[in-house]
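[1] Below: sequence and its predicted model.
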Amino acid sequence: MSKPLDGIKIIDFTHVQAGPACTQLLAWFGADVIKVERPGSGDVTRNQLRDIPDADALYFTMLNSNKKSLTLDTKKPEGKEVLEKLIRESDVLVENFGPGALDRMGFSWERLNELNPKMIVASVKGFSDGHHYDDLKVYENVAQCAGGAASTTGFWDGPPTISAAALGDSNTGMHLAIGILTALIGRDKTGKGQKVAVSMQDSVLNLCRVKLRDQQRLDRVGYLEEYPQYPHGEFSDVVPRGGNAGGGGQPGWILKCKGWETDPNAYIYFTIQGHAWAPICKALGKPEWIDDPAYKTAEARQPHIFDIFATIETWLADKTKFEAVDILRKFDIPCAPVLTMKELANDPSLRASGTIVEVPHSVRGSYLTVGSPIKFSDLKPEVTASPLLGEHTEEVLASLGYSQQEIFNLKEIQAV
Ligand code: CAO
């Protein structure tokens with residue numbers, strides 16, 4: 001079956017997570033993604049957090065499916081020559097090296113544009129060009145701190161907290177994928193390539209948009225009525241950490257269910273939608289709350305919202321998280337069990353939808369990974385194994401016109 005990105009050739013000069021997440025997505029949708037890796041070692045994640053000796057780590061396999069691997073020492077003149085050939089016939093180059101690394105290698109934007117004016121050059125950096133921190137190397141948690149996520153995550157009486165979700169890495173990769181696809185559509189109109197840059201700080205901040213909303217509301221009125229600090233606690237002049245409070249206009253919290261004393265994940269998230277107050281009262285067996293002036297409106301409920309949550313927890317005490325959700329869903333209440341990775345890995349719905357997939361691998365046996373979260377009516381992305389280091393070196397070099405002898409020579413001088 002043909003795929004929308006068939007025929008788009010991408011030089012994947014990425015490593016760790018942010019860049020590989022982007023190119024993996026494009027590979028699922030049909031792009032020919034050639035991962036360029038340093039001979040002998042390759043992407044550092046091949047070796048990080050290994051669970052099977054001598055097999056590529058899951059960190060690598062889960063971010064590099066559907067790609068080819070070409071080993072190439074791009075600091076050697078012979079390696080540079082191969083890369084130049086590849087650049088001349090590719091559509092996109094994606095990189096997430098530390099600041100200045102590509103320039104030092106001799107492949108500045110100007111040089112790349114000269115080699116192939118139609119090529120899109122896409123980069124991830126920690127901070128945007130010209131930012132006062134643009135010389136910094138950045139990993140996930142650094143970005144979460146710099147992008148406003150850490151100062152607004154966690155509980156008010158604890159330290160700034162990092163989210164387990166890869167807001168800095170994979171999220172930035174997704175932003176970059178959107179930028180690349182936009183530039184490809186732009187190229188269809190202009191015939192020209194362009195530079196696409198996404199910073200991890202900006203991508204985190206983009207997801208923290210509602211917190212910037214809250215800062216401005218706080219500046220204006222001095223309080224934030226949906227935060228647990230309202231109305232009994234104090235507000236300073238910065239957006240506080242709100243624990244598990246709902247971020248929009250719907251109060252919500254994580255509530256204990258049966259078994260919470262021994263199971264750290266026996267919880268549900270419960271949302272109190274304003275217009276769903278009557279069904280909530282019915283579900284909880286509290287019909288008298290429906291018209292009680294102390295409960296009837298969101299404004300009346302807010303001062304004692306935690307007493308309401310405590311009442312709901314009493315109702316939950318003899319129900320597992322799954323039983324509770326099965327009851328509450330009948331009343332149209334937005335809620336979900338707090339699911340563990342083990343539960344998600346074995347969830348039949350996620351297996352059926354291709355969100356969790358099992359991928360055969362020649363060295364590991366098989367492994368689980370997250371498939372495409374984007375579903376199409378005319379495309380079913382198939383996830384294939386990540387490549388072994390240099391698995392496609394000969395194939396790619398031959399496609400560039402190198403003879404067997406020339407490939408042998410490149411290997412001899414360890415340029416590939
Ligand atoms: N052949 C020869 N050299 C190669 C090569 C190849 N195929 N591929 C990479 N290299 C070289 C680069 O030229 C560079 O060399 P110099 O520093 O001498 O110029 C070096 O390898 C890579 O440097 P780096 O700064 O990218 O790597 P690092 O491990 O020191 O830093 C990271 C890693 C992620 C902090 C940094 O790359 C970075 O800040 N990237 C941008 C932000 C980013 O994407 N972070 C997210 C990572 S996911 O958590």
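    Here it is on my side, so go on.
[2] Run through the bridge partners of Ser267.
    Just to correct that, residue 267 is Tyr rather than Ser. Beta bridges link Tyr267 to Lys256 when assigned by DSSP bridges.
[3] Would you mind measuring from it to the ligand?
    Distance, Tyr267 to the ligand, using CB to the nearest ligand atom, to the nearest Å: 29 Å. In short, each C-beta sits where N, CA and C put it, glycine included.
[4] Just say helix, strand or coil for the closest residue to the ligand within the stretch 101-250 of the chain.
    Closest approach between the stretch 101-250 of the chain and the ligand, counting by CB to the nearest ligand atom: Lys137, at 3.5 Å. Following DSSP: H, G, I helix; E, B strand; the rest coil, Lys137 is assigned to coil.
[5] how near is the closest residue to it other than its chain neighbours to Gly19?
    Excluding its sequence neighbours, the residue lying closest to Lys137 (CB to CB, 6 or more residues apart in numbering) is Gly98, at 4.6 Å. Distance of Gly98 to Gly19, computed by CB to CB, to the nearest Å: 12 Å.
[6] Between the two, which is the more surrounded one?
    Gly19 (26 against 13; other CB atoms under 10 Å).
[7] hang on, the earlier thing: my read: the residue of the stretch 101-250 of the chain closest to the ligand touches Val124, true?
    No. Lys137 is beyond contact range of Val124, at 11.7 Å (criterion: CB atoms under 8 Å).
[8] Please say which of the two ends up with more neighbours.
    A direct count of neighbours by other CB under 10 Å for Lys137 and Val124 places Val124 higher, at 28 against 11.
[9] element containing the more buried one?
    For Val124, the host element (DSSP states H and E) is strand 120-125.
[10] Show me what that strand is packed against.
    When contacts are defined as 3 or more CB pairs under 8 Å, 6 or more residues apart in numbering; DSSP states H and E, strand 120-125 packs onto helix 18-28, strand 92-95, helix 109-115, helix 170-190, strand 195-199.
[11] for these, which one ends up most surrounded?
    Ranked by mean neighbour count, the helices and strands packed on strand 120-125 are led by helix 18-28 with a mean of 27 (mean count of other CB atoms under 10 Å).
[12] For Ala283, which non-adjacent residue is spatially closest?
    Nearest residue to Ala283, sequence neighbours excluded (CB to CB, 6+ apart): Phe331, at 4.2 Å.
[13] Might you report the residue contacts of the one you found?
    Counting by CB atoms under 8 Å, 6 or more residues apart in numbering, Phe331 touches Ala276, Pro279, Ile280, Lys282, Ala283.
[14] and the third one, what does it touch?
    With contact set as CB under 8 Å, 6+ apart, Ile280 has these partners: Ile272, Phe331, Ile333.
[15] any chance of these in a markdown table, with pLDDT too?
    Shown next, in a markdown table, are the contacts of Ile280 (pLDDT from 0 to 100):
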| residue | pLDDT |
| --- | --- |
| Ile272 | 94 |
| Phe331 | 93 |
| Ile333 | 93 |
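[16] In CSV: those, plus secondary structure and distance to Phe60.
    Formatted as CSV, the contacts of Ile280 follow (DSSP: H, G, I helix; E, B strand; the rest coil; distance: CB to CB, whole Å):
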residue, secondary structure, distance to Phe60
Ile272, coil, 43
Phe331, helix, 45
Ile333, coil, 41
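[17] Identify, from those residues, the entry nearest to Ser69.
    Ile333 (48.4 Å; CB to CB).
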